[in-house]
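A.B. asks: 3D model of this:
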Amino acid sequence: MKKITPKQKELLSYIESYIKINGIPPTYAEMGEEFDVCPTAIADKVKALEKKGYLMVKKGIARGITLPKRRGLYVVTEKAILEGKHKDIIKLYPKKHLLTD
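C.D. replies: Numbering: from 1, shown residues only. From the prediction side, this is the model:
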């Protein structure tokens, strides 16, 4: 897979966390609201992530984002941070997108 930008990593982390918490992927509108950008800007970022192989989008289906099983990224919890785990990847995930234990 090709490298992704820090902003793409932030969006990917949010999508992964959202799916883990809610059992379904977020809509473009929900992601736009979270990142304070228009859904069109989110669609561009999602398209870039899809092109790089980090996610897949089923066309014509609401909440059609799916994540490949093996992506090499982690979801970091606040507990892991407090315990000093995952120090090398914490900066990739803004605190507001971390899962609480």
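A.B. asks: Just give me the neighbour total for Q8.
C.D. replies: 16 (other CB atoms under 10 Å). Just so you know, the C-beta spots here come from the backbone N, C-alpha and C atoms, and that holds for glycine as well.
A.B. asks: can you check L12 too?
C.D. replies: Taking other CB under 10 Å as the definition, L12 ends up with a neighbour count of 23.
A.B. asks: How is it assigned, secondary-structure-wise?
C.D. replies: helix (DSSP: H, G, I helix; E, B strand; the rest coil).
A.B. asks: tell me the contacts of it?
C.D. replies: Neighbour list for L12: I4, L49, Y54, L55, L73 [criterion: CB atoms under 8 Å, 6 or more residues apart in numbering].
A.B. asks: residue boundaries of the strands in this protein?
C.D. replies: 56-57, 65-66 (DSSP state E).
A.B. asks: So the closest residue to K7 other than its chain neighbours versus G23, what's the distance?
C.D. replies: Sequence neighbours aside, K45 is the residue nearest to K7 in space, at 7.0 Å (criterion: CB to CB, 6 or more residues apart in numbering). Distance of K45 to G23, given as CB to CB, to the nearest Å: 23 Å.
A.B. asks: got it, and G32?
C.D. replies: 21 Å.
A.B. asks: Having no further points to raise, I will conclude here.
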